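Enquirer: A structural model of the following input is requested.
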Amino acid sequence: LNDSKLRIERVLARKHRYFNRLPKGLERNEIIAREGAHWWVKLRTTEQKRYFTMSMRDFEEKVIEWKEEKTIREMIAARDPEDRFIDGVIDDEDGQDLTP
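Expert: Next comes the predicted model:
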(Lines give C-alpha, C1' and ligand atoms only; values in the text may rest on other atoms or scores of the structure.)
Protein backbone atom coordinates (compact mmCIF):
# COMPACT_ATOMS: atom_id res chain seq x y z
CA LEU A 1 0.00 0.00 0.00
CA ASN A 2 2.71 2.45 0.93
CA ASP A 3 4.60 1.91 -2.34
CA SER A 4 1.50 2.61 -4.41
CA LYS A 5 -0.10 5.31 -2.28
CA LEU A 6 0.60 8.15 -4.72
CA ARG A 7 -0.70 6.11 -7.65
CA ILE A 8 -3.82 5.19 -5.68
CA GLU A 9 -4.42 8.84 -4.77
CA ARG A 10 -4.13 9.85 -8.43
CA VAL A 11 -6.61 7.17 -9.48
CA LEU A 12 -9.03 8.17 -6.72
CA ALA A 13 -8.74 11.84 -7.68
CA ARG A 14 -9.90 10.92 -11.18
CA LYS A 15 -12.61 8.47 -10.01
CA HIS A 16 -14.16 10.50 -7.21
CA ARG A 17 -14.76 14.23 -7.47
CA TYR A 18 -14.92 14.75 -3.73
CA PHE A 19 -11.68 12.87 -2.91
CA ASN A 20 -9.39 15.87 -3.46
CA ARG A 21 -11.58 18.02 -1.23
CA LEU A 22 -11.34 15.60 1.69
CA PRO A 23 -9.02 16.75 4.47
CA LYS A 24 -6.17 14.43 5.35
CA GLY A 25 -7.41 12.15 8.04
CA LEU A 26 -9.32 9.00 8.83
CA GLU A 27 -11.96 9.19 6.08
CA ARG A 28 -9.39 9.85 3.35
CA ASN A 29 -7.12 7.08 4.66
CA GLU A 30 -10.04 4.62 4.73
CA ILE A 31 -10.78 5.30 1.06
CA ILE A 32 -7.10 4.88 0.13
CA ALA A 33 -6.89 1.64 2.14
CA ARG A 34 -10.05 0.28 0.52
CA GLU A 35 -8.67 0.99 -2.96
CA GLY A 36 -5.30 -0.51 -1.95
CA ALA A 37 -7.09 -3.67 -0.81
CA HIS A 38 -8.79 -3.91 -4.21
CA TRP A 39 -5.39 -3.62 -5.89
CA TRP A 40 -3.92 -6.25 -3.53
CA VAL A 41 -6.60 -8.79 -4.39
CA LYS A 42 -5.89 -8.28 -8.09
CA LEU A 43 -2.16 -9.05 -7.68
CA ARG A 44 -0.82 -12.41 -8.75
CA THR A 45 0.29 -14.80 -6.03
CA THR A 46 3.95 -14.40 -7.04
CA GLU A 47 3.71 -10.62 -6.66
CA GLN A 48 2.07 -10.99 -3.25
CA LYS A 49 4.86 -13.33 -2.14
CA ARG A 50 7.45 -10.85 -3.39
CA TYR A 51 5.85 -8.12 -1.25
CA PHE A 52 5.70 -10.45 1.77
CA THR A 53 9.39 -11.28 1.37
CA MET A 54 10.33 -7.62 0.97
CA SER A 55 8.30 -6.66 4.06
CA MET A 56 9.82 -9.44 6.15
CA ARG A 57 13.36 -8.42 5.16
CA ASP A 58 12.61 -4.82 6.04
CA PHE A 59 11.15 -5.88 9.40
CA GLU A 60 14.15 -8.11 10.10
CA GLU A 61 16.59 -5.27 9.36
CA LYS A 62 14.69 -2.94 11.70
CA VAL A 63 14.71 -5.55 14.49
CA ILE A 64 18.46 -6.11 14.10
CA GLU A 65 19.07 -2.36 14.14
CA TRP A 66 16.92 -1.96 17.25
CA LYS A 67 18.73 -4.82 19.05
CA GLU A 68 22.14 -3.35 18.21
CA GLU A 69 21.08 0.04 19.53
CA LYS A 70 19.63 -1.53 22.69
CA THR A 71 22.82 -3.53 23.30
CA ILE A 72 24.97 -0.43 22.91
CA ARG A 73 22.78 1.50 25.37
CA GLU A 74 22.99 -1.38 27.87
CA MET A 75 26.77 -1.55 27.50
CA ILE A 76 27.09 2.19 28.14
CA ALA A 77 24.78 1.98 31.16
CA ALA A 78 26.67 -1.01 32.58
CA ARG A 79 30.17 0.41 32.20
CA ASP A 80 32.40 0.53 35.23
CA PRO A 81 32.11 3.90 37.02
CA GLU A 82 35.90 3.82 37.48
CA ASP A 83 36.31 4.07 33.70
CA ARG A 84 36.61 7.82 33.46
CA PHE A 85 38.32 7.98 30.09
CA ILE A 86 36.17 6.48 27.34
CA ASP A 87 36.28 7.28 23.63
CA GLY A 88 38.72 10.11 24.21
CA VAL A 89 36.30 11.92 26.53
CA ILE A 90 36.87 12.33 30.23
CA ASP A 91 33.66 12.02 32.24
CA ASP A 92 33.11 13.05 35.82
CA GLU A 93 31.14 10.82 38.18
CA ASP A 94 27.85 12.47 37.16
CA GLY A 95 28.43 11.44 33.56
CA GLN A 96 29.02 14.98 32.35
CA ASP A 97 31.58 15.76 29.69
CA LEU A 98 34.67 17.50 31.03
CA THR A 99 36.48 17.81 27.72
CA PRO A 100 37.88 21.33 27.25
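Enquirer: which stretches of the protein have low pLDDT?
Expert: Filtered on pLDDT under 70, the chain yields the residue ranges 1-3, 80-100.
Enquirer: can you classify the residue most central in space within it by secondary structure?
Expert: The centroid of the chain falls nearest to residue 62 when counting by CA atoms, centre = their mean (7.9 Å). Recorded secondary structure, residue 62: helix (DSSP: H, G, I helix; E, B strand; the rest coil).
Enquirer: how close does it sit to residue 54?
Expert: As defined by CB to CB, to the nearest Å, residue 62 lies at a distance of 13 Å from residue 54. For every residue, glycine as well, the C-beta is placed using N, CA and C.
Enquirer: swap in residue 71?
Expert: From residue 71 over to residue 54 (counting by CB to CB), the distance is 26 Å.
Enquirer: ok, now residue 77?
Expert: For residue 77 relative to residue 54 (CB to CB), the value is 35 Å.
Enquirer: would you map the strands across the chain?
Expert: Using DSSP state E, the strands of the chain run over 85-86, 89-90.
Enquirer: tally up the residues packed near the spatially closest residue to residue 9 that is not a sequence neighbour, please.
Expert: Leaving aside its chain neighbours, residue 9 sits nearest to residue 32 (6.6 Å; criterion: CB to CB, 6 or more residues apart in numbering). For residue 32, the neighbour count with other CB atoms under 10 Å is 18.
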